[in-house]
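Asker: Sequence plus the predicted model coming up.
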Amino acid sequence: MSTLVLDNIGLLVTNEPALGDGPLGLVRDAAVVFDEDRVAAVEKAGAAADTRIDISGNCVIPGFVESHTHLVFAGDRAAEFAARMAGGAYVPGGIWDTVTTTREASDAQLRALAGARRREAVRAGITHLEVKSGYALETMGEGRLCALAAEITDDATFLGAHLIPREYEDRADDYIELVCGEMLEACAPHVRWIDAFCEQGAFDEDQTRTVLEAGRNAGLGMRLHANQLRLGPGVQLGVELGAASVDHCTYLSGGDVEALAGSSTVATLLPATDFSTRQPYPDARRLIDAGATVALATNTNPGSSNTTSMSFCIALAVRELGMTAEEALQAATMGGAEALRRTDVGKLAPGVRADAVALAAPSYLHLIYRPGVPLVAATFCAGRMEWRDPELGPALD
């Protein structure tokens with residue numbers, strides 16, 4: 001047994017009310033003891049362990065749980081972003097540019113690009129993430145993207161139903177047959193989830209249902225993109241099928257909110273996407289007040305949200321979505337865990353995975369109070385210090 005203690009924590013967020021004050025389970029003057037890759041105990045400062053890391057009175061939070069990324073891709077769509085900032089509209093068809101460059105990239109190139117993005121996410125405090133395919137849209141390509149995603153995470157997602165490829169223009173039903181047949185067969189061994197983009201310009205309700213049910217029959221969990229650009233059937237469909245998460249939720253009817261509130265399906269909000277596309281922001285206050293579970297995610301992708309900063313999403317959620325700082329922090333940690341139906345991440349309590357973030361700040365409130373400032377001093381993944389800011393990060397005793 002090898003133990004490590006994060007000691008002299010001024011404010012610890014556990015997300016476990018039984019361990020501390022309020023919904024965040026706040027503990028002051030605390031220590032967290034790691035036993036190998038698990039949390040062994042939450043104690044008062046001064047706890048004994050084989051190795052000690054002095055947090056210098058700063059704040060420690062659970063690692064961010066990122067439940068929606070498109071991390072494996074090649075190419076750059078900065079020109080598309082610039083055109084949008086100049087007044088152009090966002091359309092899903094821009095995905096095709098990334099499909100073209102990703103198809104042309106080698107495994108080694110894609111592995112290097114995804115690895116760099118994953119390291120960037122760790123520096124931003126993300127300790128667990130989901131990764132989707134969706135930028136090949138043909139059987140062998142989707143299979144290799146799923147395999148590459150599975151090298152990064154055990155929450156890989158098959159997103160063959162991201163867009164109808166040009167080869168199948170005016171033959172959408174034939175493409176759905178491919179996705180649900182040989183493409184699913186090639187991808188299922190590598191992934192935990194299946195996803196589909198239920199939106200005008202992508203896939204309609206019947207097509208989405210067919211894809212998700214095929215994935216469910218293959219033993220995969222279900223999640224979907226829905227209600228990003230307008231009101232649509234995606235939220236109701238996701239709840240009906242028991243999807244773990246419906247993501248975007250920018251446009252919601254009263255019935256959509258009621259359905260989410262009465263279900264175990266998480267509403268995953270992607271405010272950096274709405275920032276980048278100049279769409280309206282979703283109304284998180286309405287969802288939370290109705291009793292729905294909300295997650296925050298970055299939606300890291302080259303077209304509509306090229307960021308790995310969960311802190312940025314938290315700041316947007318408080319400023320634009322009507323969330324409190326506490327709700328936003330929980331949505332970026334416990335909410336993400338619930339969207340992935342995991343109980344081993346998203347909090348700091350005995351028995352869970354030892355994923356934590358030390359901030360160069362006395363409180364989590366500084367994530368909103370000081371937007372844009374890099375406040376992550378150190379990131380711990382499964383009990384190991386995976387990244388440390390050379391100027392701000394704590395050192396081993």
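Answerer: Here it is on my side, so go on. Owing to the predicted nature of the structure, the values given are computational and were not obtained by experimental measurement. Numbers count the residues shown, from 1 in each chain.
Asker: Quick check, Val239 in contact with Val257.
Answerer: No: at 10.8 Å, Val239 does not count as touching Val257 under the criterion of C-beta atoms under 8 Å. Quick note: C-beta positions are derived from backbone N, CA and C, even for glycine.
Asker: Could you find the closest non-adjacent residue to Glu320?
Answerer: Tyr281 (4.3 Å; C-beta to C-beta, 6 or more residues apart in numbering).
Asker: shaky segments in the stretch 251-397 of the chain?
Answerer: For the stretch 251-397 of the chain, the stretches with pLDDT under 70 are 396-397.
Asker: hey, where'd the strands end up in it?
Answerer: 266-269, 294-296, 356-359, 376-381, 384-388 (DSSP state E, counting those that start in this stretch).
Asker: so of those, which one's packed in deepest?
Answerer: Most buried of the strands of the stretch 251-397 of the chain, by mean neighbour count (mean count of other C-beta atoms under 10 Å): strand 266-269, with a mean of 30.
Asker: Mind giving me the packing neighbours of that one?
Answerer: Applying 3 or more C-beta pairs under 8 Å, 6 or more residues apart in numbering; DSSP states H and E, we find strand 266-269 packed against strand 245-248, strand 294-296, helix 336-339.
Asker: of these, which approaches Cys180 most closely?
Answerer: Checking those against Cys180 by C-beta to C-beta gives strand 245-248 as the closest, at 20.3 Å.
Asker: Could I get the average pLDDT for that closest one?
Answerer: Mean pLDDT, computed over strand 245-248, is 98.
Asker: Would you give the sheet partners of that strand, along with the direction of each?
Answerer: Its sheet considered, strand 245-248 pairs with strand 221-226 (parallel), strand 266-269 (parallel) by DSSP bridges.
Asker: Past the longest one, which element shows up next along the chain?
Answerer: Going back to what we said before, that points to strand 221-226. helix 234-241 (DSSP states H and E).
Asker: now the angle from that following helix to strand 221-226?
Answerer: On the basis of axes from the mean of the first three to the mean of the last three C-alpha atoms, to 10 degrees, helix 234-241 is oriented at 170 degrees to strand 221-226.
Asker: The stretch 51-200 of the chain: strands as residue ranges?
Answerer: Going by DSSP E, counting those that start in this stretch, the stretch 51-200 of the chain shows strands at 51-54, 59-62, 64-66, 126-129, 131-132, 156-161, 193-198.
Asker: Dump those to TSV, plus distance to Gly351 and mean pLDDT.
Answerer: Formatted as TSV, the strands of the stretch 51-200 of the chain follow (distance: least, C-beta to C-beta, whole Å; pLDDT from 0 to 100):
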stretch	distance to Gly351	mean pLDDT
strand 51-54	20	95
strand 59-62	14	98
strand 64-66	16	98
strand 126-129	16	98
strand 131-132	26	98
strand 156-161	25	98
strand 193-198	25	98
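Asker: surely Glu142 meets Ala161?
Answerer: No: the pair Glu142 / Ala161 is not scored as a contact, 10.2 Å apart, by C-beta under 8 Å.
Asker: More neighbours: which of these two?
Answerer: Ala161 (30 against 25; other C-beta atoms under 10 Å).
Asker: For that one, which non-adjacent residue is closest in space?
Answerer: The spatial neighbour of Ala161 that comes closest, neighbours along the chain excluded (C-beta to C-beta, 6+ apart), is Ala196 at 3.8 Å.
Asker: number of nearby residues for that neighbour?
Answerer: For Ala196, the neighbour count with other C-beta under 10 Å is 32.
Asker: So it is in contact with Ala214, correct?
Answerer: No: counting by C-beta under 8 Å, Ala196 stays clear of Ala214, with 10.0 Å between them.
Asker: now the strands of the stretch 251-397 of the chain in a markdown table, with distance to Asp206?
Answerer: Shown next, in a markdown table, are those (distance: least, C-beta to C-beta, whole Å):
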| stretch | distance to Asp206 |
| --- | --- |
| strand 266-269 | 23 |
| strand 294-296 | 27 |
| strand 356-359 | 43 |
| strand 376-381 | 41 |
| strand 384-388 | 44 |
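Asker: Among these, which comes closest to Asp154?
Answerer: With respect to Asp154, and counting by C-beta to C-beta, the nearest of these is strand 376-381 at 13.2 Å.
Asker: still on that earlier bit, so which of the strands of the stretch 51-200 of the chain is the most surrounded?
Answerer: When the strands of the stretch 51-200 of the chain are scored by mean count of other C-beta under 10 Å, the highest mean neighbour count falls to strand 64-66 (a mean of 31).
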